[in-house]
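[1] got a structure for you, letters missing:
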């Protein structure tokens with residue numbers, strides 16, 4: 001008898017005892033699955049919200065962050081770092097020893113020095129020097145900390161931007177905002193925990209990597225808002241879809257996703273469920289958020305904001321409205337500072353667009369009692385060269401020394417920390433690498449940068465990679 005015929009004969013003589021004995025587990029599993037599929041059981045197994053609030057490692061000074069990222073890199077030499085010696089040696093070649101091992105992005109490093117193009121004034125209680133281009137920032141200078149010894153590793157825009165915001169020049173790492181919401185979650189139920197706006201002539205050179213989640217769950221990626229009346233694309237229902245149809249569709253999708261989550265255990269499915277639920281809530285919350293007409297005339301004038309007209313000023317006011325509603329991390333990009341030429345006109349134009357609103361944000365948060373636990377950061381990806389580019393009206397990329405300012409959230413107000421050399425070339429006093437800045441930001445939020453880790457591809461990663469130190473001098 002062939003094997004196939006023997007197999008068939010055995011099946012024809014299978015007994016009831018064999019069926020109950022060998023198939024009992026199968027029948028039991030079927031019954032158990034049926035029980036687990038009951039509505040009450042499904043509710044019990046609903047996935048936890050990945051952006052729910054979490055406890056920090058220790059008591060925080062800041063609860064939320066607003067990052068005003070000046071993409072393209074504003075010139076520290078015209079705005080924050082007054083260098084009389086650079087003016088004195090305008091038109092001469094830099095000292096040869098200064099250029100050893102130095103690599104510029106576009107110019108020949110041995111190009112003539114370019115003196116500062118604008119005057120500096122002493123302002124505030126401590127006589128802090130600020131450019132004449134920043135009259136509004138001068139009005140809040142006693143509330144901010146100037147960090148004048150910044151340095152980074154990258155000298156081109158995209159890698160420097162993603163390094164500043166993800167701790168690496170390589171694409172694919174989680175952004176700072178993603179790390180913060182991963183570590184702390186969000187206090188807002190009706191808006192994303194991490195929101196992004198963009199103004200200026202274009203988006204950031206680093207693209208989505210500046211707010212991406214990398215290998216973290218995608219629920220922690222930034223959500224891009226637009227400044228107009230329709231803040232998020234495709235948030236509204238298409239023609240012919242009413243509220244009842246939408247609810248039925250979302251309920252069905254949610255149930256299918258939950259069943260799949262039970263089978264696969266993939267956290268990305270939980271993130272998808274959370275995203276659908278958030279989108280539904282945002283249909284009501286986002287339009288209300290974006291309606292600046294509800295702000296007082298005095299507040300609109302403070303920022304220079306105009307309802308319905310997208311601008312950096314509008315974005316700053318929206319940032320304040322977002323943190324009031326519990327959003328954890330707000331990132332505002334203004335990519336317009338890359339002045340290889342047209343330095344004078346370009347700086348005048350961009351400071352006119354950003355100075356008033358940046359200062360207004362600090363002032364507004366303070367008068368509402370929000371500045372104490374809201375950290376505001378202003379800065380770009382690097383600075384500009386003391387050497388000239390573009391005739392006599394431009395500067396190249398420069399990673400060795402530049403300035404950022406911070407306010408609120410446990411930062412020491414009125415602080416001026418760090419210094420570059422007499423030509424503004426190298427950070428020589430209290431040098432702060434971007435890893436140090438990021439470690440300090442996490443510390444202010446109550447997070448230990450060495451303990452905030454995520455395992456990917458066989459090793460633990462963190463925002464500061466294997467570097468970074470908390471800058472104690474910044475802390476109030």
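    That came through, no problem. On a predicted model such as this, the values are computed, not experimentally measured, just so you know. Numbers count the residues shown, from 1 in each chain.
[2] so which helix or strand takes in the residue sitting nearest the centre point of the chain?
    Centroid-nearest residue in the chain, with C-alpha atoms, centre = their mean: residue 177, separated by 4.1 Å. Following DSSP states H and E, one finds residue 177 within helix 176-184.
[3] and after the helix or strand containing residue 405, which helix or strand comes next?
    Counting by DSSP H and E, the element that carries residue 405 is strand 402-407. Scanning forward in sequence from strand 402-407 by DSSP H and E, the next helix or strand is strand 416-417.
[4] ok, residues contacting that next one?
    126, 128, 145-149, 430, 432, 471, 473-474 (C-beta atoms under 8 Å, 6 or more residues apart in numbering). C-beta: built from backbone N, CA, C; applies to glycine.
[5] and residue 310, how far is that from residue 136?
    Separation of residue 310 from residue 136 (C-beta to C-beta, to the nearest Å) stands at 20 Å.
[6] if you count surrounding residues, which of those two has more?
    residue 136 (18 against 14; other C-beta atoms under 10 Å).
[7] so the more buried one belongs to a helix, correct?
    Yes: applying DSSP: H, G, I helix; E, B strand; the rest coil, one finds residue 136 inside a helix.
[8] chain neighbours aside, what residue packs nearest to it?
    Distances taken as C-beta to C-beta, 6 or more residues apart in numbering put residue 359 closest to residue 136, at 3.8 Å, once the chain neighbours are dropped.
[9] in the sheet, who's paired with residue 388?
    residue 395 (DSSP bridges).
[10] could you report the neighbour count for it?
    Around residue 388 there are 20 residues (other C-beta under 10 Å).
[11] again, but for the one 5 residues further on
    Neighbour count of residue 393, defined by other C-beta under 10 Å: 17.
[12] and the closest residue to it other than its chain neighbours, how close does it get to residue 389?
    Once flanking residues are discounted, residue 393 sits nearest to residue 343: 5.0 Å by C-beta to C-beta, 6+ apart. Computed as C-beta to C-beta, the residue 343 to residue 389 distance reads 9 Å.
[13] residue 58 belongs to a helix?
    No: secondary structure assignment places residue 58 outside any helix; it is coil (three-state DSSP).
[14] leaving out the residues flanking it, which one is nearest to it?
    Once chain neighbours are set aside, the closest to residue 58 by C-beta to C-beta, 6+ apart is residue 446, at 5.3 Å.
[15] what helix or strand does the spatially closest residue to residue 339 that is not a sequence neighbour sit in?
    Distances taken as C-beta to C-beta, 6+ apart place residue 346 nearest to residue 339, at 4.4 Å, with adjacent residues excluded. Using DSSP H and E, residue 346 sits within helix 343-367.
[16] and the next element down the chain from that helix?
    Helix 343-367 is succeeded, C-terminally, by strand 374-379 (DSSP H and E).
[17] which other helices and strands contact that next one?
    strand 64-69, helix 343-367, strand 402-407, helix 434-444 (3 or more C-beta pairs under 8 Å, 6 or more residues apart in numbering; DSSP states H and E).
[18] what do you get if the cut-off is 6 Å, keeping everything else the same?
    On a contact count with 3 or more C-beta pairs under 6 Å, 6 or more residues apart in numbering; DSSP states H and E, strand 374-379 meets strand 64-69, strand 402-407.
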